[in-house]
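# Quick one, structure for this:
(chains A and B)
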2 protein chains.
Amino acid sequence: MSRALADARAPRSARASVARARGGKPRRGRATPNASPRAGARAGAGTARAVAMDGVDVVNVDLGDRSYPIYIGTGLLDDGDALRAHVAGSTALVVTNETIAGLGYLDRTVKALTAKDSKLRVETVVLPDGEEHKNLEVLNAVYTRALETRLDRGTTFVALGGGVIGDMTGYAAASYQRGVKFVQIPTTVMAMVDSSVGGKTGVNHALGKNMIGAFYQPECVLIDIDSLKTLPDREFASGIAEVVKYGLIRDGPFFEWLEANVDKLLARDTQAIAYAVERSCVNKAEVVAADEREGGVRATLNLGHTFGHAIETGLGYGEWLHGEAVSAGMCMAADMSLRLGWIDASLKERTIALLNKCKTPIDVPEKMTVQMFMDLMAVDKKAANGKLRLILLKGELGECVFTGDFDQSKLQETLDAYVK
Amino acid sequence: MSRALADARAPRSARASVARARGGKPRRGRATPNASPRAGARAGAGTARAVAMDGVDVVNVDLGDRSYPIYIGTGLLDDGDALRAHVAGSTALVVTNETIAGLGYLDRTVKALTAKDSKLRVETVVLPDGEEHKNLEVLNAVYTRALETRLDRGTTFVALGGGVIGDMTGYAAASYQRGVKFVQIPTTVMAMVDSSVGGKTGVNHALGKNMIGAFYQPECVLIDIDSLKTLPDREFASGIAEVVKYGLIRDGPFFEWLEANVDKLLARDTQAIAYAVERSCVNKAEVVAADEREGGVRATLNLGHTFGHAIETGLGYGEWLHGEAVSAGMCMAADMSLRLGWIDASLKERTIALLNKCKTPIDVPEKMTVQMFMDLMAVDKKAANGKLRLILLKGELGECVFTGDFDQSKLQETLDAYVK
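Numbering: from 1, shown residues only, chains lettered A, B, ... in the order given. From the prediction side, this is the model:
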């Protein structure tokens, strides 16, 4: 990566939008078949643009003085320029898990951080791997390491890993000494397209997922597509389910592109992956810029999540991957939407067919009962005054609503249909 | 309390100041002997004003859209109007400790909250009492209670107790479902004059005090002076030490008033207490409004705290009360200031004499070693790039500095002089 990129910290403008476009060096063909007029129109309207620099795309998340850039490219992990440009103090704490450390990514990150700047003291902490460890007890290990190594308020935390590491490190940064800076290096599809964008950080409670946390934005997100090469198929597919979500809630043309390119994606075609990650980040960044604190439209990013979180909590964290539970949850949401008469049967079928191709669950696990769903969904964060609110599909492909105003009997019918 | 007060939510102006004055009904004499021209000048300049309404003083903490009022009066606890006016949703969670609950305050608060509004569902959680319980594990009990009783994002947490309850409840509110509203009902001098004002929330870590937390402002603070009647002498005195701090760092006339009135205070004269609480709140609110996130002047509120936190952590939380440790810490700060040649010997002597009258410690506990001080002070949140920064007295009574620029040997001399 050139110096230019390292210096290219996105300006912190107050404009609540991101943009997608092409510029700088010409790049070898990107997988953009079926890119639709609608997507194009969006870019044309200036609401979505990713600026390419030296082979690296930059998506800016516009959140006023909390704006930050997402760098997307290959080989970024070993090129510390961009990363170091966002580490302000004299110390950093890299937080990762056993699996990522075992694959050599931790050593590479530390090397990239220290290669050209011997004045930066870099500490590390390695957590156990898995959603079942995303809790206060393990979080405390991060604080302990930071205190043992005497990191002060000027330090920067670096999240190296998947969604669990990103959420925990972000929350540790939000709360350590009442707030230090942090950067995200997501190493899974899920983290790249979802959890590293938008500043939701936190840990789980035994009685509910992500119930403890903060809205806290990183300094930057560094996405090295190459790091997906070591990602197990099951985790890869789980992330793609979250990618499908963006098509369903707001980007019909992207959904169509996914229908046409899902085999390429699952075969780990680098260009297809890069396009899917970029398109997902642009979609998420647009939504977050419009509604950082989830007062309205941001809730639509949780399509399938209320059902999915109930499955994750009901099974015990770590049994199913997050994207697997969301995959089943999106099928349930599509089913309920159809029962409400809000979508055509074909949309439900296409949703299930695409997720089936992704090899993520389209049914709920046998252990789940209707009562478990009702109890676990009742504590969903989106509930208001005790009333459950859901994201449901309504209208054409790419259109959805966030509402508590629906016929409760249809929810019951969906649960009855899905529970074994 | 009248409806007028309940409706008198302070306007959320962007002005970073508070003000002190008298208005509304005439009140029986307040203990304001020796109120100096300087304090008067401040009020005249519009930087400090407390508006009296129906026998209740209101100090506004000006923090833009996070501004909030502090109500100070007697009999407020049983009059739920003001409290209910700041509880927006349909549920509330009152957090308190065993001691406070045992004294009947919990029942009274629940009754005040529900007396005129049967639609409000009020849940409660009772924590163990003491600084040694201000940790993640006990905090988790608050989340558990909130989830068990299915409180959603629209709920309001109510902190009923001293500084520990206030800090923990505020942090629970900051982090439960990524943030719910909360109100403070402080029941100790310490909480009334310090911890309930300014939005510092959090818990301790085994390796450092208040190392985990957030800046998070309440909806309002309700101070019922009557609730001090049940406060043990030791805790009362500990709070007065924190009151002395305001005189030392920025309000010389108030220090002089304290010198003249400390016996009245310790004898629990209601008017003297009300004046001391109000004057302390005004001082703290002014500092917080000028520097919410502790970028500069707010750090001066920590006079004696770096030494004090080391004592608290070194002894084990709960061994000494916070104000007791701060009392010893302020003596050490005055000693070091004198060794640096920054103050007259008389100021150190007056500081020690006043704290001695308060019956709070003016020496460090025997268990503390110089090495313990050095190790524990090294992780102080005010350290920057590994360099210790301290609040020290410099100049006349009421003047101080926050600096890392001092002769290290004088720190060593102070530690040597104080450590047994």
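# Show me where the stretch 301-420 of chain A has its strands.
Counting by DSSP state E, counting those that start in this stretch, the stretch 301-420 of chain A has these strands, from start to end: A:390-393, A:400-403.
# Deepest-packed of the ones you listed, please.
strand A:390-393 (a mean of 25; mean count of other Cβ atoms under 10 Å in any protein chain shown). Heads up, the C-betas are built off the backbone N, CA and C, glycines and all.
# can you tell if that one touches chain B?
No. Using Cβ under 8 Å from any Cβ of the partner chain, strand A:390-393 never reaches chain B; the gap is at least 14.3 Å.
# circling back to that earlier point, what would the strands of the stretch 301-420 of chain A look like in CSV with mean pLDDT?
As requested, those are exported to CSV (pLDDT from 0 to 100):
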stretch, mean pLDDT
strand A:390-393, 97
strand A:400-403, 96
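# okay if I get the ones you listed as TSV plus distance to residue B:379?
Listed next are the strands of the stretch 301-420 of chain A as TSV, based on distance: least, Cβ to Cβ, whole Å:
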stretch	distance to residue B:379
strand A:390-393	44
strand A:400-403	44
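# Which residue is the nearest non-sequential neighbour of the closest residue to chain B within the stretch 1-150 of chain A?
Of all residues in the stretch 1-150 of chain A, residue A:147 sits closest to chain B, at 4.0 Å by Cβ to the nearest Cβ. Of all residues not flanking residue A:147 in the chain, residue B:207 sits nearest, at 4.0 Å (Cβ to Cβ, 6 or more residues apart in numbering or on different chains).
# related to what we said a few turns ago, and the residue of the stretch 1-150 of chain A closest to chain B, what does it touch?
B:205, B:207, B:208, B:211, B:379 (Cβ atoms under 8 Å, 6 or more residues apart in numbering or on different chains).
# List the residues that contact the residue nearest to residue A:147.
Counted by Cβ under 8 Å, 6+ apart, residue B:207 has contacts A:143, A:144, A:147, A:148, B:313, B:379.
# Would you quantify the distance from the closest residue to the last one other than its chain neighbours to residue A:205?
Counting by Cβ to Cβ, 6+ apart, the nearest residue to residue B:379 once its immediate chain neighbours are dropped is residue B:208, at 4.8 Å. Remark: distance between residue B:208 and residue A:205 (Cβ to Cβ, to the nearest Å) = 24 Å.
# Equivalent analysis for residue A:281, please.
With Cβ to Cβ as the criterion, residue A:281 and residue A:205 are 29 Å apart.
# Apart from its neighbours in sequence, what residue is nearest residue A:195?
Closest residue in space to residue A:195, ignoring its immediate chain neighbours: residue A:163 at 3.7 Å, by Cβ to Cβ, 6+ apart.
# Can you read off the backbone torsions of that neighbour?
Dihedral angles of residue A:163 (phi, psi; degrees, to the nearest 10) stand at phi -60, psi -40.
# and if you look at residue A:192?
phi -70, psi -40.
# ok, now which ones touch the closest residue to residue A:365 other than its chain neighbours?
Nearest residue to residue A:365, sequence neighbours excluded (Cβ to Cβ, 6+ apart): residue A:315, at 5.9 Å. Residues in contact with residue A:315, defined by Cβ under 8 Å, 6+ apart, are A:365, A:367, A:368.
# Residue A:86 against residue A:219, yeah?
Yes. At 4.2 Å, residue A:86 counts as touching residue A:219 under the criterion of Cβ atoms under 8 Å.
# who touches both of those two?
A:156, A:181, A:183.
# between the residues you listed, which is closest to residue A:98?
residue A:183 (21.1 Å; Cβ to Cβ).
# Tell me the helices and strands packed up against whichever strand or helix holds the closest one.
Counting by DSSP states H and E, the element that carries residue A:183 is strand A:181-186. Contact here means 3 or more Cβ pairs under 8 Å, 6 or more residues apart in numbering or on different chains; DSSP states H and E; on that basis strand A:181-186 packs against strand A:156-161, helix A:163-175, strand A:221-224.
# okay, the last one in CSV with CA atoms only?
Once non-C-alpha atoms are left out, strand A:221-224 reads as follows in CSV (Å, rounded to 0.1, in the frame of the first residue of the first chain):
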residue,chain,number,x,y,z
VAL,A,221,-11.7,-0.9,9.4
LEU,A,222,-9.1,-2.8,7.5
ILE,A,223,-10.5,-5.6,5.3
ASP,A,224,-7.9,-8.0,3.8
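# Can you tell me which of the contacts of residue A:315 are buried?
A:365, A:368 (16 or more other Cβ atoms under 10 Å in any protein chain shown).
# got the contacts of residue A:315 as a markdown table, with pLDDT and distance to residue A:410 columns?
Formatted as a markdown table, the contacts of residue A:315 follow (pLDDT from 0 to 100; distance: Cβ to Cβ, whole Å):
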| residue | pLDDT | distance to residue A:410 |
| --- | --- | --- |
| A:365 | 96 | 22 |
| A:367 | 95 | 24 |
| A:368 | 97 | 18 |
